[in-house]
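J.: The amino acid sequence is not available; the structure is as follows:
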């Protein structure tokens with residue numbers, strides 16, 4: 001073992017010093033995974049304070065009035081952009097269905113502000129059974145890491161390459177649809 005990751009809930013942080021002290025003599029690197037969801041509402045940055053790296057937590061960048069204004073702006077302009085994009089989206093849906101059959105769109109879970117899960121819809125850029133074919137492209141690096149992103153991934157459709165090149169699908173890297181590097 002070369003690494004130890006300490007991932008405690010915020011309520012157990014008082015035990016961290018004891019754990020780190022017990023690991024001092026061991027030939028391991030100690031990592032601390034801060035509670036992501038506890039810090040999601042803060043702007044975080046690592047700053048140098050008198051030569052000591054410190055985690056800078058700033059309160060949310062928006063007050064209530066600004067947050068409401070931003071929400072109204074997002075909804076209004078999101079709706080206008082959606083109306084303008086509907087013809088292009090319809091055409092892409094038709095082309096995907098013609099090339100590889102339905103479904104043309106799939107849903108993927110993402111994590112939003114405050115750790116809230118939401119569904120994101122994306123145009124499908126891979127063949128329908130891409131997950132079953134994943135073992136054909138997976139490789140293992142020398143350090144044992146699993147790599148499932150390969151250049152010229154055979155699972156990506158012809159139209160999918162076009163969609164990815166011009167960012168017409170929001171797919172980046174995920175367990176459902178792996179972007180060719």
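T.: Structure's in. What do you need? What you see is a predicted model; the values in this text were computed from it and never measured. Numbering: from 1, shown residues only.
J.: rest of the way, CA atoms for contacts and neighbours
T.: OK.
J.: Quick check: end-to-end length of stretch 134-145?
T.: End-to-end distance for stretch 134-145, by Cα to Cα, to the nearest Å: 15 Å.
J.: How about the secondary structure of the most far-flung residue of the chain relative to its centre?
T.: Within the chain, residue 25 marks the point farthest from the mean C-alpha position, 36.1 Å out by Cα atoms, centre = their mean. Secondary structure state of residue 25, per DSSP: H, G, I helix; E, B strand; the rest coil, is coil.
J.: Helices of this protein, start to end?
T.: 16-23, 36-39, 64-100, 134-137, 158-165 (DSSP state H).
J.: closest to residue 115 out of the ones you listed?
T.: Checking the helices of the chain against residue 115 by Cα to Cα gives helix 36-39 as the closest, at 5.4 Å.
J.: Let me know the average pLDDT across that closest one.
T.: Helix 36-39 comes out with an average pLDDT of 52.
J.: now swap in stretch 151-161 and tell me
T.: 85.
J.: Now do the end-to-end distance for that stretch.
T.: End-to-end distance (Cα to Cα), stretch 151-161: 11 Å.
J.: That one: which residues count as buried?
T.: Neighbour-count burial for stretch 151-161, counted by 16 or more other Cα atoms under 10 Å, picks out 153, 155-157, 159-161.
J.: Just send those residues back as a markdown table, with distance to residue 8 too.
T.: Below are these laid out as a markdown table (distance: Cα to Cα, whole Å):
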| residue | distance to residue 8 |
| --- | --- |
| 153 | 38 |
| 155 | 39 |
| 156 | 39 |
| 157 | 43 |
| 159 | 45 |
| 160 | 41 |
| 161 | 42 |
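J.: Of those, which is the nearest to residue 75?
T.: Distances from residue 75 to these, taken by Cα to Cα, are shortest for residue 160, at 28.8 Å.
J.: Any stretches of this protein with poor pLDDT?
T.: Filtered on pLDDT under 70, the chain yields the residue ranges 1, 10, 34-46, 55-62, 170-181.
J.: hmm, try it at 50
T.: By pLDDT under 50, the low-scoring segments of the chain are 37, 41, 171-181.
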